[in-house]
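Engineer: I'd like to go over a predicted model; first the sequence, then the structure.
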Amino acid sequence: MFIRARLMATAAIAALTLTATGPLLAATPDDTIIQAYTLDDIISLDPAEVFEFTASEIIGNSYEPLIGYELDDVSKIFGVVAESWELSEDGMTMSFKIREGKKFASGNDLTAEDVVFSLVRGVKLDKSPAFILGQFGLTAENVDEKIKQTGDY
C-alpha cells in the first residue's frame, strides 16, 4: 500500500512538472525577504563573527552599516545609519550622529546605545571581524573606555 501511494505521489509531481509551461512563482509578502544560497561556508550569521563570503553577503543585505560608499567610486562615502560624522583635529577621535527614525525589524528605534553595544561586543568577542576594529587600537581591555555614547543619537 505504501509503495503504491508513493508511486501515485511521484506520478502526480511528474505530471505537474510536465504541464508547467514556465517557472512556478509564489507571491512574496511585502515585509518578507527571501535569499537562496549554498550554505556550506556559513559558520555564523552573527555580524560580530561573520567573515566568509556567503554570510557576509547575507549580513550586507540584512543590516545597515554606519556608512557606505559608492560602488563605482569608493572615495564617495555617505551615511547610512550615521547622519553625519566628524573627525577631531588630532585625528584620534571620530564622532557619529545616528540618523533618527532608523528602526530595527522589531519596530524599535535604533539609537547610539545600540551602535555602541554592537561595536563593543564585536571587539570583546574577538572573532575574525574584530581585527578591523583592532587596527584603530581597540582591544577588549580598552574598548569600554574608547567607544562611548554621548547622546541618544
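Structural biologist: Now that the structure is in, tell me what you want to look at.
Engineer: only C-alpha atoms for contact and neighbour calcs from this point on.
Structural biologist: OK.
Engineer: and the closest residue to D126 other than its chain neighbours, how far is that from V120?
Structural biologist: Leaving aside its chain neighbours, D126 sits nearest to A140 (7.7 Å; criterion: CA to CA, 6 or more residues apart in numbering). Separation of A140 from V120 (CA to CA, to the nearest Å): 8 Å.
Engineer: between these two, which one's more packed in?
Structural biologist: Set A140 next to V120 and count neighbours by other CA atoms under 10 Å: V120 wins out with 24 against 15.
Engineer: low-confidence stretches in the chain?
Structural biologist: 1-22, 24 (pLDDT under 70).
Engineer: hmm, try it at 90
Structural biologist: Where the chain drops to pLDDT under 90, the residues are 1-42, 51-54, 57-58, 60-63, 105, 128-129.
Engineer: strands along that one, start to end?
Structural biologist: 67-70, 73-79, 82-87, 94-98 (DSSP state E).
Engineer: just those: most buried one?
Structural biologist: strand 94-98 (a mean of 18; mean count of other CA atoms under 10 Å).
Engineer: list the contacts of that one.
Structural biologist: 66, 81-88, 111-112, 153 (CA atoms under 8 Å, 6 or more residues apart in numbering).
Engineer: list just the nearest of the residues you listed to Q135.
Structural biologist: Using CA to CA, L87 comes nearest to Q135 of the contacts of strand 94-98, at 16.7 Å.
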